[in-house]
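Trainee: predicted model and sequence follow; I will ask about them next.
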Amino acid sequence: MPEKGSERERERDVAVNRRAFHDYFVDEKFEGGMVLTGTEVKSLRNGRCNLRDGFVRIDGHEAWLENVHISTYAQGNLMNHEPLRPRKLLLHRKQISSLIGKVRQKGYTLIPLRVYFSRNHAKVEIGLCRGKRQYDKREAIAERDAKREIERAMRR
């Protein structure tokens, strides 16, 4: 259990993109805020978010979170939000400039890794990722299985 007042205690995960760690090598991680409507925040607090096909698009000096599904709020009215709408990310200008340079390199893309609440603000963790080849995925699975076998042997 985290200590009282620790940083981890104040963060609460809403959604984690486990698929990203399987399909990509994550080289760097960035944290940014999201511009959301009221019903989107309520839906996120209920844990209704899917990051599987999401990506980050940089347009000029703005970063946009695309293809992330935040379900409509059940008690919402006619003013409910669109589930797949693009959402603006709140990043520093220097971060966006450095990301532009890094994404232009061959094989790099920006993938949302997790959405969480930090001190009652919705945040997204973005990863600068390189795609894995099929043999890389098999190698990672074999390494994980070997590590699991070693742990079992150590317990005995």
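Mentor: Alright, I've got the coordinates.

Trainee: any idea what residue 66 is bridged to?
Mentor: residue 55 (DSSP bridges).

Trainee: cool, residue 50 as well?
Mentor: residue 69.

Trainee: ok, now which ones touch it?
Mentor: 15, 68-70 (CB atoms under 8 Å, 6 or more residues apart in numbering). (C-beta placed from N, C-alpha, C; glycine too.)

Trainee: which of those residues ranks first by neighbour count?
Mentor: residue 70 (28 neighbours; other CB atoms under 10 Å).

Trainee: quick one: the closest residue to residue 10 other than its chain neighbours from residue 153, how far?
Mentor: The shortest distance from residue 10 to any non-neighbouring residue, by CB to CB, 6 or more residues apart in numbering, is to residue 119 (5.5 Å). Note on residue 119: its distance to residue 153, by CB to CB, to the nearest Å, is 43 Å.

Trainee: same check on residue 22?
Mentor: With CB to CB as the criterion, residue 22 and residue 153 are 26 Å apart.
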